[in-house]
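> Give me the fold of what follows.
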Amino acid sequence: MKKIKQAFAAGVLSLAVIFSGGAVLADHSVDTDIAVVKKGDTLYSLAKKHHLSVSQISELNDLIGTTIYPGQRLLLSGEEALYHKIIAGSFSKKENAEKRAEQLKKINIPTSISTAVIDGKTYYRVQAGAFKDKKNAVNQLEAVKKAGINDAFILSRGGLHIFGLKPGDAYDDIISRMGKPKKTETQLNSKSFYYQGDGAGVRAALNMKDGTIGSLAVYPEYLSPRMVPALPFTKAEAVKMYGDANKTKTVTCYESAKCEEVTYELDDFELKVRIDRYQTTVQFLEITYR
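This is a model prediction of the structure:
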């Protein structure tokens, strides 16, 4: 997520919500990871209430500027879920990655090879572990560098999710995070949520046994970037949020046009992001079990 520097001191912050009428106390969602902005809320007051900084809320929600709006749904957590991967080499040829992996295995450092697509080109990355505790990642990086691999580095990224939602989460989490839709349609084990316009902004397939989310698809075209700013609505926002894709391919979308579909893989999840034919707008995001 892009970093936005906040240059205002707390005493001079003028972060007022645009509203008509007097201010009332904020009434936040029961989901403590989400704040639903009410009249009178400011970034500063939300940050103070939830023991965060203004810059943390801005970074989590990809905010530009300091104005927030009634009804806006802001993430309040997420960065703590970072994974710290040790990247011990990135190669355009798979055989070179395999040689590097063997070099590390000889000194009992376990490795795996993953792919990353950068500017349309596939690279083979040698990964020497992934850690939630950054201290462990730093120790592993030192061990890799002692093996003579001085270009190794730590790559930190968050877990895969769409606005904090992923397979295995409770059905009610969709409502608590995305808000109450104007209407809901149910077909077998699938639910469609309509927030604005004629299309469903969110579709979820639910597990028959426990009712949890089996897969989740989000269509930004039928959602408001003002109300859910932490969703990626453009390709640039998706790249900033999720980083380099593991796979990319050209697919046929609407009217026989060619669109780009990128895939991210992490742990048990796979996230697909489809970009429109103009290479600018996100058509949909879908997260499933791998």
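
> from here on, contacts and neighbour counts on C-alpha atoms
Will do.

> what about the closest residue to Val138 other than its chain neighbours, neighbour count?
Nearest non-adjacent residue to Val138, counting by C-alpha to C-alpha, 6 or more residues apart in numbering: Ile154, 7.7 Å away. Here the number of neighbours of Ile154 (other C-alpha atoms under 10 Å) works out to 20.

> how about Ile154, secondary structure?
The assignment at Ile154 comes out as strand when based on DSSP: H, G, I helix; E, B strand; the rest coil.

> hang on, isn't it packed against Gln140?
No - using C-alpha atoms under 8 Å, Ile154 is not in contact with Gln140; the gap is 9.5 Å.

> overlap in contacts of these two?
Residues touching both Ile154 and Gln140 (C-alpha atoms under 8 Å, 6 or more residues apart in numbering) are Ile86.

> which strand is the longest one in this structure?
Secondary structure assigned by DSSP state E gives strand 121-131 as the longest strand of the chain.

> elements contacting that strand?
Using 3 or more C-alpha pairs under 8 Å, 6 or more residues apart in numbering; DSSP states H and E, the elements in contact with strand 121-131 are strand 83-91, helix 94-105, strand 112-118, helix 134-146.

> for the ones you listed, which one ends up most surrounded?
strand 83-91 (a mean of 22; mean count of other C-alpha atoms under 10 Å).

> So what's the gap between the longest strand of the chain and the chain middle?
19 Å (C-alpha atoms, centre = their mean, to the nearest Å).

> Show me what counts as buried in it.
Neighbour counts over strand 121-131 (16 or more other C-alpha atoms under 10 Å) mark Thr122, Tyr123, Tyr124, Arg125, Val126, Gln127, Ala128, Gly129, Ala130, Phe131 as buried.

> same check, this time on stretch 155-166
Within stretch 155-166, the residues scored as buried using 16+ other C-alpha under 10 Å are Ser156, Arg157, Gly158, Gly159, Leu160, His161, Ile162, Phe163, Gly164, Leu165, Lys166.

> Show me what it is in contact with.
Contacts of stretch 155-166 (C-alpha under 8 Å, 6+ apart): 75, 78-79, 81-87, 173-174, 177, 213, 215-216, 218, 230-231, 242-243, 264-266, 269-271, 285, 287-288.

> what's around Ile68, how many residues?
Neighbours of Ile68 under the rule other C-alpha under 10 Å: 25.

> And Asn207, by the same measure?
16.

> distance of it from Pro229?
Using C-alpha to C-alpha, to the nearest Å, Asn207 is found at 28 Å from Pro229.

> got the phi/psi numbers for Ile175?
With angles defined as degrees, to the nearest 10, Ile175 sits at phi -70, psi -40.

> follow-up on the earlier one: so of the contacts of stretch 155-166, which ones are in helices?
Among the contacts of stretch 155-166, DSSP state H puts Asp173, Ile174, Arg177, Tyr242 in helices.

> check contacts around the second one.
Spelled out, that is Ile174. Contacts for Ile174 (C-alpha under 8 Å, 6+ apart) come out as Leu165.

> Next one: it from Val117, what distance?
Distance from Ile174 to Val117, by C-alpha to C-alpha: 31 Å.

> quick revisit: contacting residues around the longest strand of the chain?
With C-alpha under 8 Å, 6+ apart, strand 121-131 has contacts from 83-94, 97-98, 100-101, 109-117, 137, 140, 144, 247.

> Against Tyr264, how distant is Ala97?
As judged by C-alpha to C-alpha, Ala97 and Tyr264 stand 20 Å apart.

> typed the wrong thing, it's Val117
Taken as C-alpha to C-alpha, the span from Val117 to Tyr264 is 10 Å.

> what's the overlap in contacts for those two?
With C-alpha under 8 Å, 6+ apart, Val117 and Tyr264 have common neighbours Ala245, Asn246, Lys247.

> So Thr248 sits against Tyr264, correct?
No - at 9.1 Å, Thr248 does not count as touching Tyr264 under the criterion of C-alpha under 8 Å.

> what about Leu52, how many residues close to it?
Leu52: 16 neighbours (other C-alpha under 10 Å).

> Mind exporting the C-alpha coordinates of stretch 42-61 to CSV?
Only the C-alpha atoms of stretch 42-61 are listed here, as CSV (Å, rounded to 0.1, in the frame of the first residue of the first chain):
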residue,chain,number,x,y,z
THR,A,42,-12.0,13.3,11.6
LEU,A,43,-8.9,11.3,10.8
TYR,A,44,-7.4,12.6,13.9
SER,A,45,-10.4,11.7,16.1
LEU,A,46,-10.5,8.2,14.6
ALA,A,47,-6.8,7.7,15.1
LYS,A,48,-7.0,8.8,18.7
LYS,A,49,-10.0,6.6,19.4
HIS,A,50,-8.3,3.5,17.9
HIS,A,51,-4.8,4.2,19.2
LEU,A,52,-3.4,4.7,15.7
SER,A,53,-1.7,7.5,13.9
VAL,A,54,-3.2,9.6,11.1
SER,A,55,-0.6,8.3,8.7
GLN,A,56,-1.4,4.6,9.6
ILE,A,57,-5.1,5.1,8.7
SER,A,58,-4.1,6.9,5.5
GLU,A,59,-1.7,4.2,4.5
LEU,A,60,-4.1,1.3,5.2
ASN,A,61,-6.8,3.0,3.2
